[in-house]
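Student: got a structure for you, letters missing:
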Ligand code: HEM
């Protein structure tokens, strides 16, 4: 069977194809990167980068999967140079045209992203890492493990969009979306156990600082760029006018893979699922059991998002306390105020849905029992 290899097929599961690739022959050099970073050996890092940069003809000849693997490997060296105070494009100017070409081949920004660092990063001995610290392995695991669930959630939401909110299929697809999004709750629970916030704030965060490529600044591989913002967009956000939410959403779209960028722009012109359910509640006969099930299923997605966001905010706030942080903003370029604001707007859209159900049905919303059980098993409450 043909291995898929086109820009439109770049997503988390393409990691099965991308992670084994080593198109620049970077395996042995990158194995030494944690040691070079420890000894701040900027010369070794710059020399490795200069050595790996592909010539224009080679960069152009790479397929999207190989090009992603190449950006992943160059990216580890970019982030390392920047961490030591060196702007990579100044130290190794030839990297700029190479990244621009590779970015075009992939249909992505000319820099490594959370996809490169997470799902496209080989696990095991070939894993690309900045440090030797197991906390970093923990963070890589978090984004690698969360991405497929987030994408499965997006697909289920697209399927739900195609249904009327009072149908059994709509409710089933939304429940599937909620179950898939649970990967974010698992991921943040894992981070709480395995990633020391102080390690992130003081040791790892500097490797994700922005670098300048061809006069433009690009943030590093931030978990903030997982396509959870597209889950928001489809579920409650496409018709949300909150300025902070919109700014963040637009920025995250810029850093994602082509298929999610395209979907995000299409979704922006339609109503979100929350809005569709509220509209249907306001116009339907009271007591329509199909619609109540639809509302309950959309509510379940919101509960899962809130469970992730409540826990994530605690970690983000700790790492960016003024006396702890080295930078005022996160690796995605936004402050923790944005984390708080997105939590608030998720909560406010959830309340709108609850009020609409209360008004039309005089009943409270609770997630379906299977999802309530999943939340409870992860220590999250299913009410609120
Ligand atoms: C030490 C752990 C963490 C810290 C300190 C942290 C910090 C932050 C900060 C400051 C932001 C604001 C945007 C930006 O990065 O510029 C953010 C956003 C975000 N982070 Fe994290 N984060 C951590 C772990 C994680 C993990 C494990 C995940 C999931 C795998 C994650 C997913 C997200 C997402 C999706 C956003 C976008 C905002 C939202 O959807 O609520 N983060 N994080």
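Tutor: Received the coordinates, thanks. Values in this document were obtained by computation on a predicted structure and should not be read as measured data. Numbering: from 1, shown residues only.

Student: contacting residues for the closest residue to residue 320 other than its chain neighbours?
Tutor: Nearest non-adjacent residue to residue 320, counting by Cβ to Cβ, 6 or more residues apart in numbering: residue 336, 4.8 Å away. The C-beta positions use only the backbone N, C-alpha and C, and glycine is treated the same way. Applying Cβ atoms under 8 Å, 6 or more residues apart in numbering to residue 336 gives the contacts 313, 316-317, 320, 330.

Student: same check, this time on residue 313
Tutor: 336, 339-340, 343.

Student: just give the number of residues close to residue 50.
Tutor: 14 (other Cβ atoms under 10 Å).

Student: thinking again about what came up before, most neighbours out of the contacts of residue 313, which is it?
Tutor: Busiest of the contacts of residue 313 [other Cβ under 10 Å] is residue 339, holding 21 neighbours.

Student: I'd guessed it sits against residue 316; true?
Tutor: Yes - using Cβ atoms under 8 Å, residue 339 is in contact with residue 316, at 4.8 Å.

Student: can you work out which residues contact both of those two?
Tutor: residue 330.

Student: find the closest residue to the ligand in the chain.
Tutor: residue 330 (2.5 Å; Cβ to the nearest ligand atom).

Student: which of the contacts of residue 336 sits closest to residue 29?
Tutor: Using Cβ to Cβ, residue 330 is the member of the contacts of residue 336 that lies nearest residue 29, at 28.8 Å.

Student: and that closest one, backbone torsions?
Tutor: phi -70, psi 180 (degrees, to the nearest 10).

Student: what sits closest to residue 195 if chain neighbours are left out?
Tutor: Nearest to residue 195 is residue 138, by Cβ to Cβ, 6+ apart, at 4.4 Å.

Student: where does this structure have low pLDDT?
Tutor: 1-5, 361-362, 382-384 (pLDDT under 70).

Student: sec struct for the residue lying farthest from the centre of the chain, please.
Tutor: Distance to the chain centre peaks in the chain at residue 285, reaching 39.5 Å (criterion: Cα atoms, centre = their mean). Secondary structure, DSSP: H, G, I helix; E, B strand; the rest coil: residue 285 is coil.

Student: same deal with residue 217?
Tutor: Relying on three-state DSSP, one would call residue 217 strand.

Student: what's the neighbour count on residue 32?
Tutor: 13.

Student: just read off the phi/psi values of the residue nearest to residue 320.
Tutor: Torsion angles, degrees, to the nearest 10, at residue 336: phi -70, psi -10.

Student: look up how far residue 83 lies from it.
Tutor: For residue 336, the distance to residue 83 (Cβ to Cβ, to the nearest Å) stands at 21 Å.

Student: same deal with residue 262?
Tutor: 33 Å.

Student: and residue 212, what element?
Tutor: strand 211-213 (DSSP states H and E).

Student: first vs last residue of stretch 153-172, how far apart are they?
Tutor: Using Cα to Cα, to the nearest Å, the end-to-end distance of stretch 153-172 comes out at 12 Å.

Student: buried sites along that stretch?
Tutor: 153-154, 156-161, 163, 165-166, 170-172 (16 or more other Cβ atoms under 10 Å).
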